[in-house]
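> prediction below, plus the sequence it came from.
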Amino acid sequence: MKQIKFGLLSLLITLLPSITFSAGPILVPAWQTKAIFEQPESIAFDAKKKQLYVSNIKGNPTEADGNGYISSLSLEGKVLEHHWLEGLNAPKGLTVVGNNLYIADINELVVVDIKNRKITQRYSAPQAKFLNDIAADKNGNIYVSAFLTNTVYRLADGKFETWLQSDELEVPNGLLVENNQLLVASWGVMTDGFATEVAGHLKTINLENKQIHSLGDKTPAGNLDGLVSDGNGNYLVTDWMAGKLLHIAPTGFSTTLLALEQGSADHIVVHEQGLIIIPMMLSGNVLAYQIKK
């Protein structure tokens, strides 16, 4: 028996140099705003204007109350215009494509002409209750997660319609298009309010055949919200309920980079400046961290 144990130990020592775990980048606080935002849910970067947009829900996230708005923010954390755009209900996910800002607003995909700061189109999704995150592919198609109905919508050729609906999505939140697949940060199946017995993990959807697969072995990672690439083949993901920023490898292996407060929402990485910027939905401020590694 001792010989067997010794043999296994020797094998493990031999294999260790070839086993690598990515610890993720080192993050250093860069700036934080005052708590002036009203349920900030998402951040988008406008590369042309070199500024950020922040969605403010301001109320019930499923209620069409007309209170929602978008703020503009500099890359240094200065509030440029607190109410950059109004006329929304409960805006959440944001993305910039060309000269347009796309906004997920309960059951509408809202398109804004950035230059003229004007809403030019509202695409309706009557069956949606909680449109959430947005991602665009290389062809300019827009994908939107529907948080409470296990659905992903797509805007293509001027039509906004259901692209995929499946319980396998396990409450889809954050989205990221990468190569020929759509990555999904799942929240996990809810049991009581937003609580889950089994937390969510990252999933992939093939853009051609729509097959759904789990990243890794389905090990729960958290109640996932924002999802972005770290630029090195891994993913930076927020856990809204636990208030964390996670680093997740393609194997599904997850480590905690930041322990924050509950409500860490749909963040962004501005790779040119080496910044991770996180809206804190419950505390009402925005945090930025410098990537050091």
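Good, I have the coordinates. Residues are numbered from 1 along each chain as shown.
> any idea how many residues pack against K48?
Number of residues near K48 (other C-beta atoms under 10 Å) recorded here: 10. Using the backbone N, CA and C atoms, a C-beta is placed for each residue, glycine as well.
> residues touching it, list them.
99, 114 (C-beta atoms under 8 Å, 6 or more residues apart in numbering).
> that one looks like it's in a helix, true?
No - using DSSP: H, G, I helix; E, B strand; the rest coil, the assignment for K48 is coil, not a helix.
> distance of it from M190?
39 Å (C-beta to C-beta, to the nearest Å).
> swap in N100?
Distance, N100 to M190, by C-beta to C-beta: 32 Å.
> where does pLDDT dip in the stretch 1-150 of the chain?
Low-confidence segments of the stretch 1-150 of the chain, defined by pLDDT under 70: 1-23.
> what's the closest non-adjacent residue to G274?
Among residues not flanking G274 along the chain, I291 sits closest, at 4.4 Å (C-beta to C-beta, 6 or more residues apart in numbering).
> spatially central residue in the protein, please.
Central residue of the chain (C-alpha atoms, centre = their mean): G226, 2.0 Å from the mean position.
> state the helix or strand in which it lies.
Element membership for G226 (DSSP states H and E) is strand 224-229.
> show me what whichever strand in the chain runs longest is in contact with.
Longest strand in the chain, counting residues (DSSP state E): strand 79-88. Residues from elsewhere that reach strand 79-88, judged by C-beta under 8 Å, 6+ apart: 33, 36, 51, 53, 66, 68-74, 101, 103, 105, 110, 112, 117, 119.
> give me the sheet partners of the very next helix or strand once past that strand and which way each runs.
Next in sequence after strand 79-88, counting helices and strands by DSSP H and E, comes strand 91-97. Strand 91-97 has its sheet partners listed here by DSSP bridges as strand 100-105 (antiparallel).
> quick check: angle from the helix or strand just after the strand it pairs with to strand 79-88?
Sequence order places strand 108-113 as the next helix or strand after strand 100-105, per DSSP H and E. With axes from the mean of the first three to the mean of the last three C-alpha atoms, to 10 degrees defining the directions, strand 108-113 sits at 130 degrees from strand 79-88.
> just use 27 as the starting number from now, easier for me
Sounds good: first residue 27 from here, last item strand 134-139.
> which parts of strand 134-139 are buried?
The neighbour-count check on strand 134-139 (16 or more other C-beta atoms under 10 Å) flags 134-138 as buried.
> quote the end-to-end distance of stretch 170-179.
5 Å (C-alpha to C-alpha, to the nearest Å).
> buried stuff in it?
Those would be 170-173, 175-179, for stretch 170-179 by 16+ other C-beta under 10 Å.
> over to stretch 306-319?
By neighbour count with 16+ other C-beta under 10 Å, stretch 306-319 contains the buried residues 306-307, 309-315, 317.
> just stretch 84-97 next, same as before
For stretch 84-97, by 16+ other C-beta under 10 Å, it's 84-85, 87, 93-97.
> show me these that map onto strands.
94-97.
> can you lay out those residues as CSV showing distance to E194?
Converted to CSV, those look like this (distance: C-beta to C-beta, whole Å):
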residue, distance to E194
G94, 31
Y95, 35
I96, 33
S97, 36
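> which strands border the strand holding G252, and is each parallel or antiparallel?
Here, using DSSP bridges, strand 250-255 pairs with strand 261-265 (antiparallel).
> C-terminal to the partner strand, what's the next element?
Helices and strands here follow DSSP H and E; after strand 261-265, the next one along the chain is strand 270-274.
> contact partners of that next one?
So strand 270-274 is contacted by 48-51, 53, 228, 241, 247-248, 250, 256, 260-265, 280-286, 290, 293, 302, 304 (C-beta under 8 Å, 6+ apart).
> on that earlier part again, how much space separates the residue nearest to G300 from A172?
32 Å.
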